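Asker: build me a structure from this.
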Amino acid sequence: MMAFDSKNVLAWFIACDLLCSCLLQAYHFASSQTEGKETRFPIKALLRHRRQTCEDGTYEHEGKPCCLCGAGLKLESHCLKSIDDRQCSPCEQGEYHSQPNFQPQCDPCTSCEHPNANLEVEEPCTRARDTKCRCKKNHFCSDPGACKICQPCRECHDEGVKVPCTAKNNTVCNDKIEGGNTGTIIAIIVPILLIALLALIGLWCWRKRKSQGKTLVHQPNINMELEPLEVSDIEPHLSDIAEELGWKDMKDVAIRCGIPPARIESCELNHRGDAQEATLELLRIWVEREGSGAGRKLIQILQNSNKKRKAEKVTDILRIDCAA
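Answerer: Purely as a prediction, here's the structure:
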């Protein structure tokens, strides 16, 4: 007979314990894969002394805990000898359980086919999940999470769409003027624009006529005020008048009064590159030729030549002498 010392006994004990642990894990794995079926594990009786656990939690039956059935399963019978020997079976077609439970019946799947609900299936029902419905096209529901009936989307006509319709919100149309439309708006705006245009044209005509009236009234006064001017009155201002006239206008005045072209040209040649001095020399020649009525005649020539602006400037220069 073989003799065992204490070391051999301890080694055999540890080996047996490890073997039992492995067999227990294998049993739990096989049990989870065949949940709800009649299954008998050959070594179950050998492992009842080991501590047993429940993957989905427990419930209490007649004062002792039992393992819950998983999602998609229903309870057939409670546990009797051990915590996990309760019997479960899959939910039937058209039924589901989304959570672990110990209910003898599964819940019926939600239907999306209710009359006038305007719903359609988004995700079909399974044993572990209820049906998920959604609104049909061109319909919406303000509470999609618990929607029972979908409403038709609003239609925008003349005003146009501001925010399109979705499954969660209705259509938002652009703001519309109460009691009006595009034709009415045009009918209001066009007359206003025409009235404003006519008012601008009338204002422009009035200002132009007023400006012409001032010129006509002012011209006789110029002639009356300059009537007594003599050569001695214009001579002190020849330099200012020449600067205001310029060579081109002074040359035109000289030609109109009959000054020979050769003499006009000599003034230009005498002051080549200095138009101001050439204009002043030609003005002196013209004043000597015209004599006492030089000032008045210069203004008349400028007015007849449509140079009214320069005629007014020369008049202002000569008035300084009259005021003195």
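Asker: I figured L282 hits I255, correct?
Answerer: No - when contacts are counted by Cβ atoms under 8 Å, L282 is not listed as touching I255 (10.4 Å). All C-beta spots, glycine's among them, are computed from the backbone N, C-alpha and C.
Asker: can you give the domain ranges for this protein?
Answerer: Listed by automatic domain parsing, the domain ranges of the chain are 52-108, 119-173, 226-323.
Asker: pLDDT of the longest one, averaged?
Answerer: Going back to what we said before, that points to domain 226-323. Domain 226-323 comes out with an average pLDDT of 81.
Asker: repeat for stretch 172-185
Answerer: 69.
Asker: same question, stretch 116-135
Answerer: Mean predicted confidence for stretch 116-135 is 92.
Asker: do a quick rundown of the strands in the stretch 151-300 of the chain.
Answerer: Using DSSP state E, counting those that start in this stretch, the strands of the stretch 151-300 of the chain run over 151-152, 161-163, 172-173.
Asker: okay, and the common contacts of L282 and I255?
Answerer: I264 (Cβ atoms under 8 Å, 6 or more residues apart in numbering).
Asker: looking at these two, which is more packed in?
Answerer: The residue with more neighbours, out of L282 and I255, is L282; 25 against 12, by other Cβ atoms under 10 Å.
Asker: in stretch 124-140, what's buried?
Answerer: C125, R127, D130, T131, C133, R134, C135, H139, F140 (16 or more other Cβ atoms under 10 Å).
Asker: start and end of it, how far apart?
Answerer: 20 Å (Cα to Cα, to the nearest Å).
Asker: bridging residues for P152?
Answerer: Judged by DSSP bridges, the bridge partners of P152 are H139.
Asker: give me the residues contacting stretch 107-122.
Answerer: Under Cβ under 8 Å, 6+ apart, the answer for stretch 107-122 is 94-97, 125, 130-136, 139, 147-152.
Asker: the residue nearest to the spatial centre of the chain and C88, how far apart?
Answerer: Nearest to the mean C-alpha position of the chain, by Cα atoms, centre = their mean, lies K162 at 12.3 Å. As judged by Cβ to Cβ, to the nearest Å, K162 and C88 stand 55 Å apart.
Asker: V253 now?
Answerer: 125 Å.
Asker: likewise P115?
Answerer: For P115, the distance to C88 - Cβ to Cβ - is 37 Å.
Asker: ok, now P260?
Answerer: Distance, P260 to C88, using Cβ to Cβ: 135 Å.
Asker: K148 now?
Answerer: Noted for K148: a distance of 32 Å to C88, by Cβ to Cβ.
Asker: in terms of neighbours, single out the busier of those two.
Answerer: Taking neighbours as other Cβ under 10 Å, K148 and C88 compare with C88 leading, 21 against 11.
Asker: burial count for E95?
Answerer: 17.
Asker: to clarify, my last question referred to A262.
Answerer: A262 is flanked by 7 other residues according to other Cβ under 10 Å.
Asker: how about G160, nearest residue that isn't a chain neighbour?
Answerer: Closest residue to G160 apart from its sequence neighbours, by Cβ to Cβ, 6 or more residues apart in numbering: N174 at 4.7 Å.
Asker: who touches that neighbour in this structure?
Answerer: Per Cβ under 8 Å, 6+ apart, neighbours of N174: C156, E159, G160, V161, K162.
Asker: again with C106
Answerer: K74, C91, E92, E95, Y96, H97, R127.
Asker: secondary structure and distance to L193 added to the residues you listed, as CSV?
Answerer: Below are these laid out as CSV (DSSP: H, G, I helix; E, B strand; the rest coil; distance: Cβ to Cβ, whole Å):
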residue, secondary structure, distance to L193
K74, strand, 79
C91, coil, 75
E92, coil, 76
E95, strand, 73
Y96, strand, 69
H97, coil, 73
R127, coil, 73
